[in-house]
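Asker: Can you look at this prediction? I've put the sequence above it.
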2 protein chains.
Amino acid sequence: MHPPRIFLDHTATTPPAPGVFEAMVPYFTERWSSPAATYRNGRAMKRDVDSARARIGALLGAAANEIIFTSSGTESVNLAIRGVAAASQHRGRHIITTRVEHRAVLDTAAQLEREGWRVTYVPVDSHGVVDVGALESALTDETILVSVMLANNEVGSLQPVREIARSVKEHHPSVPVYTDAIAAAGYLPLDVERLGVDLLSLSAHKVGGPKGAGLLWVRRGVLLRGILHGDDRERGRRAGQEDVPAIIGLARALELALPEWSARAAHAGGLSARLMNGISNLVPGTTVTGHPTDRLPQIASFCFDGVDGEALLLQLDVQGMAAASGSACASATLAPSHVLQAMGLPQALAEGNLRLSLGIENTDEEIDRVLEVLPGVIERIRALRR
Amino acid sequence: MHPPRIFLDHTATTPPAPGVFEAMVPYFTERWSSPAATYRNGRAMKRDVDSARARIGALLGAAANEIIFTSSGTESVNLAIRGVAAASQHRGRHIITTRVEHRAVLDTAAQLEREGWRVTYVPVDSHGVVDVGALESALTDETILVSVMLANNEVGSLQPVREIARSVKEHHPSVPVYTDAIAAAGYLPLDVERLGVDLLSLSAHKVGGPKGAGLLWVRRGVLLRGILHGDDRERGRRAGQEDVPAIIGLARALELALPEWSARAAHAGGLSARLMNGISNLVPGTTVTGHPTDRLPQIASFCFDGVDGEALLLQLDVQGMAAASGSACASATLAPSHVLQAMGLPQALAEGNLRLSLGIENTDEEIDRVLEVLPGVIERIRALRR
């Protein structure tokens, strides 16, 4: 059904990491009781959930009870922003974020704006890096949240989150700093103390884990109101019966990926460097997007002059290569990327975007194949448009 | 790890139905692409999700695109109530529900009250049945939603949802009627046209499906604003990448359970009748709660004079029997049930609550064993309190 293909869209989702599904299986077949139940099988489930929570806490340098399990990265993002906003609105109704966040952040912020909140969208430079000075000058006494992603999921640029957190804490110590670390997980260190942030979100299926599993870490003392109501689970911050298999799979995937970030980064970085150098050399009219050095190692993003991104994806698909363009993680409609627009790329160039995102299973031979196929594909597309 | 036990807590969660997990397995191992991706493997995922949606729509007598997949029954409840409230607040800020809804409904309503909404909680009679007259007279021009569960998850009483829907449509045709059908699924027919409602929620793990999977059916034309923002998935009403294995498992579980509601009801009803008759005869000071005839067949709920429900659960656990008390589905803290309180039961009696909820795998021999063990357990608990 699924023939062997070259999968270069790891920022959308990742293949299951070895052992993750196997760890989940008992929770689909034998260990299915509710962790809230008072009888023996229920208590055993609670112990397993608690153990997963503690192990994840240890990976992040955080306390177990600061972890809130959710159904997705998107839910974690919504909970972070709306949860802090709802809990802190008596102190002010101003939020600061950036123009290059994931749409889950931007759409949640836009919804708050419709409800009367003020949102400052800090600009980025041509490399997609947030302007720290602009962020600092946007802080007011009304500000109750700063939300800056750890690294961009489209062009890979790292954001100066540590510097931002330090600056916010210095001038407005009561303002929590939230970082969406979903794209960075498994390729950067994620120690929350080192980062200096107050909230951090992760998604399982971006690091070899199952779909339907995410988490939000919330530093003790940060006010947060749940967005799903109905019981006291997750310390009253997320109602709904625990999805135990998902939690077990999330924990296992993070245990495999987070401690290995350095080796994973070296592998993916080697492949993406070959892609960036090779494609720049082989394809005239190529712009490599994102910061040249301070970037996620697994993402290589290009804009090709006179090429339609959608046509390019279709041709690569025919050649057995799965890739993305624009904000394609989020939508079947290939709208021009808000990230590339924020970086000041002309729309015509932004429409020729190709994002190749790598994973641990990609090989040098696969990169060879991309470098062999892509120049001809682009040449044919350009020829048709002439 | 899990010794053979008698599981009598199917209202909390259910054992996996045969074939459900097997249907999900390929989506954990091979078929893991994002359904939003434009390449071949992504399109295949989209077809599988569309197929699940169409099959579920057919089971409910609904259109496929009226189904919104969620991460749980709780999320579906929150989406129904907050989603309609947010979309309709320009028309009015009044909601009608009942005193015996699941806590997901009541907590969501309470949150809306904190935000300035008015909520009418319609009372129930001593059988836990909603007072239709009181509901009708609560309807005003400000009312934008009526929310009444199809059947109660604690005492089993059926609610006159068809009659309520007909009455609302007659006098206030623009007011949508939402029914939480989570407890009823698999034991009552669920044709949405026959019910006459506009929204209906289901949870997979209450009918042999996986945890982390629910749905909300929303009749075309009913205004609903999503509560999770970030992309255009589920027709813009629920952001977050589709949890494909969960959706496949949900569809399979509903395909197995919903069409078989009559046979399932006959089996569970036979067992629960034996429990209700037997325990009433064998245990003095027993009150059977809920409506005597218009009730879910799988739920038998009792209050025992001079017995503490928590102590009773512990003793039954020792005897290898998993059961619940109070609102125990939702919480490890055994608070006195709001349902029993709404029915007018004295608190002392309500604290002696035991809920036995049956499933298709329960046997006559298991009921024999309960009838053999329970009277002695209760006698011992009572003796200790004397």
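Answerer: That came in fine, so what should we check first?
Asker: quick one, domains of chain A?
Answerer: A:6-15+A:261-385, A:20-259 (automatic domain parsing).
Asker: Of those, which is nearest chain B?
Answerer: Across these, chain B has its closest neighbour in domain A:20-259 (3.1 Å, C-beta to the nearest C-beta). Quick note: C-beta positions are derived from backbone N, CA and C, even for glycine.
Asker: quick one: the helix or strand bottoming out on mean pLDDT in chain A to chain centroid distance?
Answerer: One helix or strand of chain A scores below all others by mean pLDDT, DSSP states H and E: helix A:347-350, with a mean of 91. Helix A:347-350 has its C-alpha centroid displaced from the chain centroid by 24 Å (C-alpha atoms, centre = their mean, to the nearest Å).
Asker: Just the residues contacting that helix, thanks.
Answerer: Contact with helix A:347-350 is made by A:287, A:303, A:305, A:326, A:336-337, A:340-341, as judged by C-beta atoms under 8 Å, 6 or more residues apart in numbering or on different chains.
Asker: Neighbour-wise, which one of the residues you listed leads?
Answerer: residue A:340 (27 neighbours; other C-beta atoms under 10 Å in any protein chain shown).
Asker: Look at that residue and report its pLDDT.
Answerer: Here, the pLDDT recorded for residue A:340 equals 96.
Asker: ok, which stretches of the stretch 151-300 of chain A are strands?
Answerer: Assigned by DSSP state E, counting those that start in this stretch, the strands in the stretch 151-300 of chain A fall at A:177-180, A:199-203, A:214-218, A:286-288, A:299-304.
Asker: on that earlier part again, please name whichever of the domains of chain A is nearest to residue B:214.
Answerer: Of all the domains of chain A, it is domain A:20-259 that lies closest to residue B:214, at 8.5 Å by C-beta to C-beta.
Asker: Start and end of that closest one, how far apart?
Answerer: 16 Å (C-alpha to C-alpha, to the nearest Å).
Asker: Skipping adjacent residues, who's closest to residue A:55 in space?
Answerer: Spatial nearest neighbour of residue A:55, excluding adjacent residues (C-beta to C-beta, 6 or more residues apart in numbering or on different chains): residue A:251 at 5.4 Å.
Asker: Quick check: pLDDT value at that neighbour.
Answerer: The model's pLDDT for residue A:251 equals 98.
Asker: Please report how far it lies from residue A:154.
Answerer: Distance of residue A:251 to residue A:154, given as C-beta to C-beta, to the nearest Å: 28 Å.
Asker: repeat for residue A:67
Answerer: Relative to residue A:154, and taking C-beta to C-beta, residue A:67 is found at 27 Å.
Asker: Would you reformat the contacts of helix A:347-350 as TSV and include distance to chain B and secondary structure?
Answerer: Shown next, in TSV, are the contacts of helix A:347-350 (distance: C-beta to the nearest C-beta, whole Å; DSSP: H, G, I helix; E, B strand; the rest coil):
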residue	distance to chain B	secondary structure
A:287	22	strand
A:303	18	strand
A:305	22	coil
A:326	11	coil
A:336	15	coil
A:337	14	coil
A:340	18	helix
A:341	17	helix
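Asker: Taking the residues you listed, tell me the two that lie furthest apart.
Answerer: A:305 and A:341 (17.1 Å).
Asker: Restricting the selection to alpha carbons, write the least confident helix or strand of chain A to CSV.
Answerer: Extracted C-alpha coordinates of helix A:347-350, given in CSV (Å, rounded to 0.1, in the frame of the first residue of the first chain):
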residue,chain,number,x,y,z
GLN,A,347,5.3,36.8,-2.7
ALA,A,348,6.4,35.4,-6.1
LEU,A,349,9.5,33.9,-4.6
ALA,A,350,7.6,32.7,-1.5
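Asker: residues of that helix that come out buried?
Answerer: A:349-350 (16 or more other C-beta atoms under 10 Å in any protein chain shown).
Asker: likewise stretch A:254-262?
Answerer: Buried, per 16+ other C-beta under 10 Å, within stretch A:254-262: A:254-258, A:261.
Asker: Which two among those are spaced furthest apart?
Answerer: A:255 and A:261 (12.3 Å).
Asker: in the stretch 201-350 of chain A, what spans have low per-residue confidence?
Answerer: A:327-334 (pLDDT under 70).
Asker: For it, which residues are neighbours of chain B?
Answerer: A:205, A:210-213, A:227-232, A:239-246, A:310, A:313-314, A:316-317, A:321-324, A:328-334 (C-beta under 8 Å from any C-beta of the partner chain).
Asker: ok, of those, which come out buried?
Answerer: Here, 16+ other C-beta under 10 Å leaves A:205, A:210-213, A:227-232, A:239-246, A:313, A:316-317, A:321-324, A:328-330, A:332, A:334 buried among those.
Asker: In helices, which of the residues you listed fall?
Answerer: A:244-246, A:313, A:316-317 (DSSP state H).
Asker: Mind putting the residues you listed into JSON lines with distance to residue A:87?
Answerer: What follows is those, written out as JSON lines (distance: C-beta to C-beta, whole Å):
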{"residue": "A:244", "distance to residue A:87": "28"}
{"residue": "A:245", "distance to residue A:87": "30"}
{"residue": "A:246", "distance to residue A:87": "26"}
{"residue": "A:313", "distance to residue A:87": "42"}
{"residue": "A:316", "distance to residue A:87": "45"}
{"residue": "A:317", "distance to residue A:87": "45"}
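Asker: biggest separation within the residues you listed, which pair?
Answerer: A:244 and A:316 (38.5 Å).
Asker: To which secondary structure element is residue A:79 assigned?
Answerer: helix A:73-88 (DSSP states H and E).
Asker: Please name every helix or strand in contact with that helix.
Answerer: strand A:67-70, helix A:103-114, strand A:143-147, strand A:177-180, strand A:199-203, strand A:214-218 (3 or more C-beta pairs under 8 Å, 6 or more residues apart in numbering or on different chains; DSSP states H and E).
Asker: Select, out of these, the one closest to residue B:281.
Answerer: strand A:67-70 (45.2 Å).
Asker: Could you give the separation of the closest one from the chain centroid?
Answerer: 16 Å.
Asker: same thing with stretch A:138-150?
Answerer: For stretch A:138-150, the distance to the chain centre is 19 Å (C-alpha atoms, centre = their mean).
Asker: next one: stretch A:376-386
Answerer: 33 Å.
Asker: Any buried residues in that stretch, and which?
Answerer: Quick answer for stretch A:376-386 (16+ other C-beta under 10 Å): A:377-378, A:381-382.
Asker: go on, stretch A:346-363?
Answerer: A:349-360, A:362.
Asker: Return the member of the residues you listed nearest to residue A:136.
Answerer: Looking across those and measuring by C-beta to C-beta, the closest to residue A:136 is residue A:350, at 28.6 Å.
Asker: Can you tell me the closest non-neighbouring residue to the closest one?
Answerer: Per C-beta to C-beta, 6+ apart, closest to residue A:350 is residue A:340, 4.0 Å.
Asker: likewise residue A:321?
Answerer: residue A:6 is the one closest to residue A:321 (C-beta to C-beta, 6+ apart), at 4.6 Å.
Asker: Tell me who's in contact with that neighbour.
Answerer: By C-beta under 8 Å, 6+ apart, the neighbours of residue A:6 are A:320-322, A:362, A:366, A:369-370.
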